[in-house]
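In: Structure, please.
(one chain, ligands or ions: 1)
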Amino acid sequence: MMKFSEDFVFGGATAAYQCEGSTRAYGKGKVAWDDYLEKQGRFSADPASDFYHKYPVDLKLCKDFSIKAIRISIAWSRIFPEGKGKINQEGVDFYHRVFQECHKNDVEPYVTLHHFDTPDALHSRGDFLNRETIDAFAKYAEFCFEEYKDEVTYWFTFNEVWPIATNQYIEGTFPPCITYDITKAVQSMHGMMVAHAKAVCAYKAHNYKGYIGIIHSLETKYPLNENDPKDVYAAKKEDVLANQFLLDATFLGYYTDETLNIINELVHLNNGTFEYDPADIEIMKKAAKENDYLGMNHYQSHFIKAYDGENEIHHNGTGEKGTKKFKLKGVGERVFKEGIPTTDWDWLIYPQGMYDMIMRIKKQYPNYKAIYITENGMGYKDDFNNGNIDDSPRIDYIKQHLQWLLKSIEDGANVKGYFVWSLMDVFSWSNGYNKRYGLFYVDYNTQERYPKKSAYWFKRVSETKEV
Ligand code: BGP
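Out: Model (predicted):
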């Protein structure tokens, strides 16, 4: 049996807003989620998994379970409560303590600068549709690079540019909850890619000893009927919008004609146009050569059918199987495909999609250097049975993905690590707390952690490098 190499990294992933709690404490500035969740009244991100106080426990668990790396994000508004200007020293010190605790436990921190949590002051003025946010992000990034240069070697600028854009402006499940505005989605993705490029160039200009990249959520899009040209084109359009636009920006630093033609067709659906400053392309091209790696989050694939009816999207945020709908006028409809299982939240379980996406990147963007799978895992309604949590379906899910990942390495892809989403159970943005992902179960009443069956299984994988 083929094994992962000795230096292959097995880690667990988290994000600040989903695990820290203390959302309005210790000098932290507001984010749009604070008011949005309060108004919605379904669930609160406070205290979530209380990582703000429990991080020594979680890092000790990493050590005990041979989890050699952790993905952490810095909450921008802990450092700059208003997004720019005044610094909150308490926030700065908190991450120093976290990183030091990581090293004490031999757990390497992989640090994301933006994980869905733009400070409200900037978010309310247009988020990445506003150039002000782009410049503020670059300054925040530069501050972190310098401040944490002795503690952090692995950086990521953004987590998941497309989900931010689609959830904010197409699906409407993230504040400001706008629906079906493809133009805003595209424009904001471009804004984030410019911000990413500025941060990468700043990092490299200082010659820091570490590495930097970006994380994209890459879901593979297949035509429902590959012999029907309409379905083939629908899948192509979804792919360009969600994947290729960002892959072009990341690895080429410009958008190819194929990408631009489809993007223009799609923004036209809202009577919009996609416009950008030619100077953006200069900086994006520069950054394209400097990225050290791509972080790839991958959970599911989509089968797409051509669709010209009215827009109709329903987000399954409750775990009531079969309630999800995604029909985007002029783009396509995501459909279930016989024989392909789904989670309770209607996410298709199709591990080959991970392999196909990696191999596509290798072929289409041969300058990609390296890939980390920065998130993969299964949302599941875990049963707490006197402290025994048998999450065999999750083990099965992760195992299948790791097997396809091994195959991609065997076929020549340079994949250097795999992070399970999530390390411990955390708050899920639009699903709350019954959708659990962790290797460690969190009892939200007591904040006690309990290893699930998957934690023991993953420990063995990390130690033996075998699946
Ligand atoms: C990714 C995000 C994570 C995490 C995960 C699971 O998109 O980067 O923050 O939440 O998906 O998604 P969900 O919680 O919606 O099931």
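In: All the strands of the stretch 251-400 of the chain, residue numbers only.
Out: Using DSSP state E, counting those that start in this stretch, the strands found in the stretch 251-400 of the chain span residues 293-297, 301-305, 312-314, 325-328, 332-335, 371-375.
In: can you list the ones you listed in CSV and add mean pLDDT?
Out: Listed next are these as CSV, based on pLDDT from 0 to 100:
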stretch, mean pLDDT
strand 293-297, 98
strand 301-305, 98
strand 312-314, 97
strand 325-328, 96
strand 332-335, 97
strand 371-375, 99
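In: can you pull the pLDDT of the nearest residue to residue 10 once chain neighbours are set aside?
Out: Spatial nearest neighbour of residue 10, excluding adjacent residues (CB to CB, 6 or more residues apart in numbering): residue 462 at 3.9 Å. For every residue, glycine as well, the C-beta is placed using N, CA and C. The model reports residue 462 with a pLDDT of 98.
In: Next up, phi/psi of residue 462, please.
Out: Phi and psi for residue 462, reported as degrees, to the nearest 10, are phi -60, psi -40.
In: Tally up the residues packed near residue 398, please.
Out: In terms of burial, residue 398 registers 23 neighbours under the definition other CB atoms under 10 Å.
In: Report the contact partners of it.
Out: Under the criterion of CB atoms under 8 Å, 6 or more residues apart in numbering, the neighbours of residue 398 are 376, 377, 378, 420, 454, 458.
In: And the closest residue to the ligand within the stretch 251-400 of the chain, what's its pLDDT?
Out: For the stretch 251-400 of the chain, the residue closest to the ligand is residue 379, as judged by CB to the nearest ligand atom, at 4.7 Å. Looking at residue 379, its pLDDT reads 98.
In: What residues does the stretch 101-250 of the chain have near the ligand?
Out: With CB under 6 Å from any ligand atom as the criterion, the stretch 101-250 of the chain meets the ligand at residues 159, 160, 163, 217.
In: Okay, and which of those residues map to helices?
Out: residue 163 (DSSP state H).
In: Tabulate the residues of the stretch 101-250 of the chain next to the ligand (a markdown table), appending neighbour count and pLDDT.
Out: A markdown table is the format used below for those (neighbours: other CB atoms under 10 Å; pLDDT from 0 to 100):
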| residue | neighbour count | pLDDT |
| --- | --- | --- |
| 159 | 25 | 98 |
| 160 | 25 | 98 |
| 163 | 19 | 98 |
| 217 | 22 | 98 |
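In: Identify, from the residues of the stretch 101-250 of the chain next to the ligand, the entry nearest to residue 147.
Out: Proximity of those to residue 147 (CB to CB) peaks at residue 159, which lies at 19.9 Å.
In: thinking the closest one is in contact with residue 215, fair?
Out: Yes. The pair formed by residue 159 and residue 215 meets the contact definition of CB atoms under 8 Å, at 4.8 Å.
In: coming back round to it: return the residues in contact with the residue of the stretch 251-400 of the chain closest to the ligand.
Out: By CB under 8 Å, 6+ apart, the contact list for residue 379 reads 319, 343, 344, 345, 347, 428, 431, 435, 436, 437.
In: and with 6 Å instead?
Out: Under the criterion of CB atoms under 6 Å, 6 or more residues apart in numbering, the contact list for residue 379 reads 343, 345, 435, 437.
In: how far away is the nearest residue to the third one once chain neighbours are set aside from residue 128?
Out: The shortest distance from residue 435 to any non-neighbouring residue, by CB to CB, 6+ apart, is to residue 379 (4.2 Å). Applying CB to CB, to the nearest Å, one obtains 27 Å for the distance of residue 379 from residue 128.
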